[in-house]
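A.B. asks: What follows is a predicted structure for the sequence shown.
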Amino acid sequence: MDPLGTTSSSRPIRRAGHRPAAASVQVIPVTGLPEIRPGDDLARLLVDALHAPGGPGLAAGDVLCVSTKVVSKALGLVIDRDDKQRAIREQTVRLVARRRHDRVVTSIVQTPHGAVMAAAGIDGSNAPDGLLLLPRDPDAEATRLRERLLAAAGDAPQEYGVLLTDTSSRIWRVGVGDIALGAAGVASLQDLRGTADADGRALAVTVRDLADELAAAADLVKGKASAVPAAVVRGVADALAPAVPAAELNRLPPQDWFARPSLESVWQALGLAPEHEPIARMSPEAADIRIARALEVALLPRDGEAAGARARLLGEHRIGILPAEDSPRGWRAAGALAERLRTALRAEHDWSPLPEVELTFEQPSPEEPR
């Protein structure tokens with residue numbers, strides 16, 4: 001795999017030119033759009049808003065950033081709020097993690113278009129008729145929207161791009177921002193390798209995620225509370241290209257170094273099926289809760305094997321391990337359980353340090369059930 005910030009995609013990446021940076025970049029909201037309903041001609045509504053008095057229009061080199069939510073509304077991708085969990089399961093290609101917040105469990109999953117998002121990107125904000133699903137192929141929807149915008153404009157076609165954007169969190173970063181889920185006519189990735197920095201040194205690994213930068217810039221003048229679902233970004237040099245869909249921005253296995261968080265990756269290595277994995281909280285948890293979870297994980301059967309040993313809490317930071325029988329086989333099972341428990345505890349340490357936990361081997365009494 002290439003270093004972080006680069007791509008190993010087989011698709012061509014737009015090789016950035018050597019032009020100087022633009023003197024200025026404009027981000028212009030597209031106002032005047034009505035509430036979008038299923039079946040609406042979104043392209044025509046956008047053209048009307050773009051070319052209304054005081055509207056920004058579309059000029060050569062512009063990138064129109066449209067919230068994916070209004071595309072979903074026009075496509076009728078609305079479900080009842082009671083169907084959310086079923087819809088998440090149907091939209092899940094790969095479970096990444098689950099986290100509990102109060103009584104709500106949030107699933108972080110890989111969606112059909114490749115993005116990893118909380119609740120599969122299903123959202124209820126600004127959706128009065130229910131919850132909105134994401135389009136299964138945002139790149140295709142961006143292409144269709146761009147083609148219809150060109151046709152609906154009715155004048156000489158201008159070279160401009162379209163991005164479908166959505167709000168998402170980013171790994172290792174607090175807060176949310178808009179990212180590009182679909183792209184048409186935009187240089188989503190710009191390959192800066194071989195160009196020079198300000199001091200004349202050659203760049204060796206940098207590939208710029210231009211699509212997400214454009215999406216984030218557009219969100220500065222859009223927003224959930226302002227009912228402005230689209231914006232034009234104007235003046236970005238070399239922003240247009242036909243080659244790179246937004247799906248190529250998703251770093252997926254085997255290129256993904258961080259396919260699962262530390263807890264889930266350890267549980268997977270210990271042989272737990274996803275449906276048997278416990279659910280950690282989003283907020284910090286007390287040590288006793290995490291120790292008990294490690295014990296639960298260690299005791300879960302693996303590959304249908306019958307437990308050859310048991311374990312129990314003897315005190316706040318002590319765990320006793322008992323073989324099911326006083327025999328070489330029983331003590332081997334007890335040793336294996338101890339190693340599983342140490343591994344599960346180590347995963348909990350990775351989140352934040354735990355107090356030292358003492359493991360004690362106990363001699364089974366003849367009365368112990370086997």
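C.D. replies: Structure's in. What do you need?
A.B. asks: C-alpha from now on. contacts and neighbour counts both.
C.D. replies: Will do.
A.B. asks: Remind me which helix or strand R251 belongs to.
C.D. replies: If you go by DSSP states H and E, R251 is not part of any helix or strand.
A.B. asks: ok, it to S168 distance?
C.D. replies: 15 Å (CA to CA, to the nearest Å).
A.B. asks: and stretch 329-348, how far from the chain's centre?
C.D. replies: Distance, stretch centre to chain centre, for stretch 329-348: 33 Å (CA atoms, centre = their mean, to the nearest Å).
A.B. asks: Of R251 and S168, which one has the most company?
C.D. replies: Per other CA atoms under 10 Å, whichever of R251 and S168 has more neighbours is R251, with 21 against 17.
A.B. asks: so how far is V207 from that one?
C.D. replies: 13 Å.
A.B. asks: which ones are touching L45?
C.D. replies: By CA atoms under 8 Å, 6 or more residues apart in numbering, the residues touching L45 are L33.
A.B. asks: Are we agreed that it is in a helix?
C.D. replies: Yes - assessed with DSSP: H, G, I helix; E, B strand; the rest coil, L45 lies in a helix.
A.B. asks: can you list the domains in this structure?
C.D. replies: 14-249, 262-361 (automatic domain parsing).
A.B. asks: Give me the phi and psi angles of W172.
C.D. replies: Main-chain torsions, W172, degrees, to the nearest 10: phi 70, psi 0.
A.B. asks: separation between it and F258?
C.D. replies: Noted for W172: a distance of 11 Å to F258, by CA to CA.
A.B. asks: Which residue of the two possesses the greater neighbour count?
C.D. replies: Taking other CA under 10 Å, W172 and F258 do not tie; F258 has more neighbours (14 against 6).
A.B. asks: so what's that one scoring on pLDDT?
C.D. replies: F258 carries a pLDDT value of 83.
A.B. asks: Does it lie in a helix or a strand, and which?
C.D. replies: Going by DSSP H and E, F258 is not in any helix or strand.
A.B. asks: can you check V96 too?
C.D. replies: Assigned by DSSP H and E, V96 falls in strand 94-101.
A.B. asks: And that strand, what does it pack against?
C.D. replies: With contacts defined as 3 or more CA pairs under 8 Å, 6 or more residues apart in numbering; DSSP states H and E, the packing partners of strand 94-101 are strand 104-110, strand 280-281.
A.B. asks: what about 10 Å?
C.D. replies: strand 104-110, strand 116-118, helix 262-269, strand 280-281 (3 or more CA pairs under 10 Å, 6 or more residues apart in numbering; DSSP states H and E).
A.B. asks: Please render the ones you listed as CSV that adds distance to K73 to the earlier fields.
C.D. replies: CSV is the format used below for the helices and strands packed on strand 94-101 (distance: least, CA to CA, whole Å):
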stretch, distance to K73
strand 104-110, 22
strand 116-118, 19
helix 262-269, 35
strand 280-281, 32
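A.B. asks: which one of these has the most crowded surroundings?
C.D. replies: strand 116-118 (a mean of 22; mean count of other CA atoms under 10 Å).
A.B. asks: strands paired with it, and their directions?
C.D. replies: Paired strands of strand 116-118, with direction, are strand 104-110 (antiparallel) (DSSP bridges).
A.B. asks: What is the subsequent helix or strand relative to the helix or strand bottoming out on mean pLDDT in the chain?
C.D. replies: Every helix and strand of the chain was ranked by mean pLDDT, DSSP states H and E. The lowest is strand 14-15, at a mean of 52. Past strand 14-15, further along toward the C-terminus, the next helix or strand under DSSP H and E is strand 26-29.
A.B. asks: CA atoms only: put that following strand into PDB for me.
C.D. replies: Extracted in PDB, the C-alpha atoms of strand 26-29 (Å, rounded to 0.1, in the frame of the first residue of the first chain):
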ATOM      1  CA  GLN A  26     -15.400  32.400  -4.400                       C
ATOM      2  CA  VAL A  27     -18.000  30.300  -2.600                       C
ATOM      3  CA  ILE A  28     -21.500  31.400  -3.500                       C
ATOM      4  CA  PRO A  29     -24.700  30.000  -2.000                       C
END
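A.B. asks: So for that strand, mean pLDDT?
C.D. replies: Per-residue scores along strand 26-29 average to 96.
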